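Visitor: need coordinates for the following:
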Amino acid sequence: MNGLRALGIALGTAGLLSLGAGCAKQAEGARCDLASSGDTDCEVGLSCVAQKNLQDNEVDRCCPSEQDSTHVRCDRATTGQFDGDNGDGGTSGDDGAGGDAGSAGEAGSGGEGAAAGTGGTGGSDE
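Guide: I've put the predicted structure just below:
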């Protein structure tokens, strides 16, 4: 009987310890539930990142800021799946320079002179 009692106590203690471990803060790359728990599932300094913002796109994960990530599960998606707003467009370039002027054409030649007229006929003496 003492053996069964000891076994029951041991199993009960192990069960309680496993429940306590389930409430521990999650490390970098570990699963979290953004919808129901927000960042509270994650260790201090980590945020619960939505799966659609991660390359693995499987589950929400506890991750540091994008620049500080060291775990492959925290690699951010690069296909425009982020929740943020789009940025402004860039500025346009300067106008291009105009082309060179064309060369002038040749001058035309002068016209020919008019032919001289013929003299009139003489009058009569009458």
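Visitor: which residue ranges form the helices in this protein?
Guide: Counting by DSSP state H, the segments of the chain that form helices are 2-22, 34-37.
Visitor: you'd agree Asp41 is up against Ala35?
Guide: No. Distance between Asp41 and Ala35: 11.0 Å, which falls outside the contact criterion (Cβ atoms under 8 Å). Bear in mind the C-beta positions are built from the backbone N, C-alpha and C, glycine included.
Visitor: neighbour-wise, which of these two wins?
Guide: Asp41 (21 against 9; other Cβ atoms under 10 Å).
Visitor: what sits against that one?
Guide: With contact set as Cβ atoms under 8 Å, 6 or more residues apart in numbering, Asp41 has these partners: Lys25, Gln26, Arg31, Cys32, Asp33, Cys48, Cys62.
Visitor: which one of the residues you listed is nearest Gly98?
Guide: Cys48 (58.8 Å; Cβ to Cβ).
Visitor: who are the contact partners of the nearest residue to that closest one once chain neighbours are set aside?
Guide: Ranked by Cβ to Cβ, 6 or more residues apart in numbering and with sequence neighbours excluded, the top spatial neighbour of Cys48 is Cys32, at 3.8 Å. Listed by Cβ under 8 Å, 6+ apart, the contact set of Cys32 reads Gln26, Asp39, Asp41, Cys42, Cys48, Asp60, Arg61, Cys62.
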